[in-house]
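In: following is a predicted model, sequence given first.
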Amino acid sequence: MNTIRLTMSQALLRYLDRQYISIDGIETKFVQGVMGIFGHGNVTGIGEALERSPGDLLYIQGKNEQGMVHAATAFAKQSNRRQIYACTSSIGPGALNMVTAAATATVNRIPVLLLPGDNFASRQPDPVLQQLEVVSDYNVSATDAFKSVSKYWDRIVRPEQLMSSLSQAMRVLTDPAETGAVTLALPQDVQAEAYDYPLAFFEKKVHIVDRRPPSLQAVQRAASLIKGKKRPLLIAGGGVLYSDAAKELAAFAEACGIPVAETQAGKSSLPWNHAWNVGAIGVTGSLAANRLAKEADVIIGVGTRYSDFTTSSKSAFARPDVQFVNINVSGFDSVKMDGEAIVSDAKAGLNALLETLGAANYRSGYASGEIAELKEQWDKEVDRLYAAEHEAGFAQTRALGIVNEAIDPSAIVTCAAGSLPGDLHRLWRAAEPKTYHMEYGFSCMGYEIAGAFGAALAEPDRDVYAIVGDGSYLMLHSELLTSLQEGRKITIVLFDNHGFQCIHNLQRGHGSDGFGNEFRHRDGSTGRLTGPYMKIDFAAHARSLGAQAYRAETAEQLKQALVQAKLETVTTLIEIPVVPGTNTGGYESWWQVGVPEVSQSGKVVAAHQDMQSRIMSVRSRGGAQS
């Protein structure tokens, strides 16, 4: 057997460089490169391998470990999970900084390969710098924290273990039903140890991802259920986009006369003005979709995991006889809501179900013009909010409308947390697939800018806009610098509303007077953070890093800033001061949160009683609670 002597790190990179994925006969290089921050535990191991023998893998220098993993996650998401970056870190704080982002990838079913450094396998220098010592179990290290947020986890304590571990890692990373964060913990001494690896291990490997077809019996059961229903509603989740099933979704809706509502991950599956697109669903949903959901007798979920925001904490579906049909490549997600499961790829499942329903000449029972009327009413509401003026200053919905109307229809917008995801889900008019990039599975503050950079890596020919609040910007903006370093321009549209106003609104909506969520100075008389708003010059901060920046306080200034930002060749920030509380509210939706049963405030006790009443009302309906 022919072999080559390499360190474990050198072998790791050589293997990753030879991995390809094939879907529908289209072959793509799977691992594009490695994002990393070098430190104690990886600089002399995998760092040396990246310096001397990277092959065709591109190395990108991260500025924050969480941020770089968010960027890698966004890259994979925008690439429909067909290309990834690996991420490497040191053994202690650097590794643990990646845990939050690992969870973000796993919750959203996005592949990312994490390569944190680890303690010495030999234990000879123990305890080394940054080593976590658990006296009850000395096998535990900081990297064990990744176990709960990874779809596959391993620690490579001998260089030859790499071969079997990488095969399993690739299996998970390329499996649309199982994918998420994969963590290979790499002890720093083992990274540098050599082994005679078989040359065959480094031959080109093509991972063929076959579209999982549905079983005939599952399709027949689902079709039989749907044929007895008059008011179906289809919920399009992220699986529609990952499967490239936008055309199939449109054909299904048109042929059967079924309105389509979109989750955060599924938004842009249909153009906003498609005749059967009734907009966002759930807590952040449109009035049209939420009213249809209340009256629906069957919900057809395609590629959705039915989060509480999608289902309005399972209160969205009011009919006691409502039933569910779920097309999902994941068996775990397919049985949610006690649904009739079609375990399959979204495109294959939609085609098969349409063929069966078409043979039966199935058509929904909606009244003529009913869906068009609902759409027209909602379009007028969006127009109203996009034109809304506020006597105290710039309204958030007005600013969003200007951005939506000004940027190219093919531009990508990224967002993740705060009040903006609700406004974007309800109001944003997405005209093309994959132009709406929302991380709302984990709703991780700080994803926005890193995510925009990752999306720009994936689609360099499109404009990319990070829609971000001041809270998220302050939490994690470090990959702004990486975008400048890599020459990947993004435009950051920063909404400054003086704090964590989304949670401030949630507080006040449940009996609180508002506490600890606004960026205010401490009041000397009360000792609380109730003084004047802090003044932060975000535009100046962005310029200090090398970006271009503008400040827009009026509609006209924002329009001009967007035109100028389009002409800039480097990352640009537009700072927009907006009036707190000028975001959208719920449209006949509800979200269950814990409200104290006992409080010194009568308002809080009343809010608790109201919450319990709503919970009991939902439970009493039974059927949609699985």
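Out: Everything's here; your move. Note that the structure is a prediction, hence the values are computed from the model and not measured.
In: strands of the stretch 101-250 of the chain, start to end?
Out: 112-118, 152-155, 181-187, 194-198, 205-208, 232-236 (DSSP state E, counting those that start in this stretch).
In: export those to CSV and tack on distance to I412 and mean pLDDT?
Out: Using the backbone N, CA and C atoms, a C-beta is placed for each residue, glycine as well. Listed next are the strands of the stretch 101-250 of the chain as CSV, based on distance: least, CB to CB, whole Å; pLDDT from 0 to 100:
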stretch, distance to I412, mean pLDDT
strand 112-118, 19, 98
strand 152-155, 29, 98
strand 181-187, 23, 98
strand 194-198, 40, 98
strand 205-208, 27, 98
strand 232-236, 18, 98
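In: pull up the gap between F515 and A251, please.
Out: 51 Å (CB to CB, to the nearest Å).
In: neighbour count for those two, which is higher?
Out: A count of neighbours by other CB atoms under 10 Å puts A251 above the other of F515 and A251, at 15 against 12.
In: thinking again about what came up before, could I get the strands of the stretch 101-250 of the chain as CSV with mean neighbour count and distance to Q557?
Out: Formatted as CSV, those follow (neighbours: other CB atoms under 10 Å; distance: least, CB to CB, whole Å):
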stretch, mean neighbour count, distance to Q557
strand 112-118, 29, 39
strand 152-155, 20, 50
strand 181-187, 28, 42
strand 194-198, 16, 60
strand 205-208, 14, 50
strand 232-236, 27, 36
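In: next, work out how far apart I490 and C87 are.
Out: Separation of I490 from C87 (CB to CB): 19 Å.
In: no no, E432
Out: For E432, the distance to C87 equals 29 Å [CB to CB].
In: ditto for W276
Out: Counting by CB to CB - W276 and C87 are separated by 40 Å.
In: G266 - nearest residue in space that isn't next to it in sequence?
Out: Excluding the flanking residues, the one nearest G266 by CB to CB, 6 or more residues apart in numbering is A236, at 3.9 Å.
In: E432 and C87: which is more packed in?
Out: Taking neighbours as other CB under 10 Å, E432 and C87 compare with C87 leading, 29 against 15.
In: which residues touch S313?
Out: V283, W590, W591, Q592, V618 (CB atoms under 8 Å, 6 or more residues apart in numbering).
In: show the pLDDT at the residue nearest to D17 when sequence neighbours are not counted.
Out: Nearest non-adjacent residue to D17, counting by CB to CB, 6+ apart: G55, 3.7 Å away. G55 carries a pLDDT value of 97.
In: next, the contact list for G55, please.
Out: Listed by CB under 8 Å, 6+ apart, the contact partners of G55 are L13, R14, D17.
In: name the member of those residues with the most neighbours.
Out: For the contacts of G55, neighbours tallied by other CB under 10 Å; top is L13, 24 neighbours.
In: how does the chain divide into domains?
Out: 3-208, 216-369, 387-577, 597-626 (automatic domain parsing).
In: ok, which of those domains comes nearest E381?
Out: Among the domains of the chain, the nearest to E381 by CB to CB is domain 216-369 (6.7 Å).
In: ends of that closest one, how far apart?
Out: 34 Å (CA to CA, to the nearest Å).
In: how far does it sit from the chain's center?
Out: 21 Å (CA atoms, centre = their mean, to the nearest Å).
In: again, but for stretch 454-473
Out: Distance, centroid of stretch 454-473 to centroid of chain: 13 Å (CA atoms, centre = their mean).
In: mind jotting down where the strands sit in the stretch 451-600 of the chain?
Out: 464-469, 491-496, 548-551, 572-577.
In: want to throw these into TSV with distance to A607 and mean neighbour count?
Out: Converted to TSV, those look like this (distance: least, CB to CB, whole Å; neighbours: other CB atoms under 10 Å):
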stretch	distance to A607	mean neighbour count
strand 464-469	25	29
strand 491-496	28	26
strand 548-551	38	20
strand 572-577	31	24
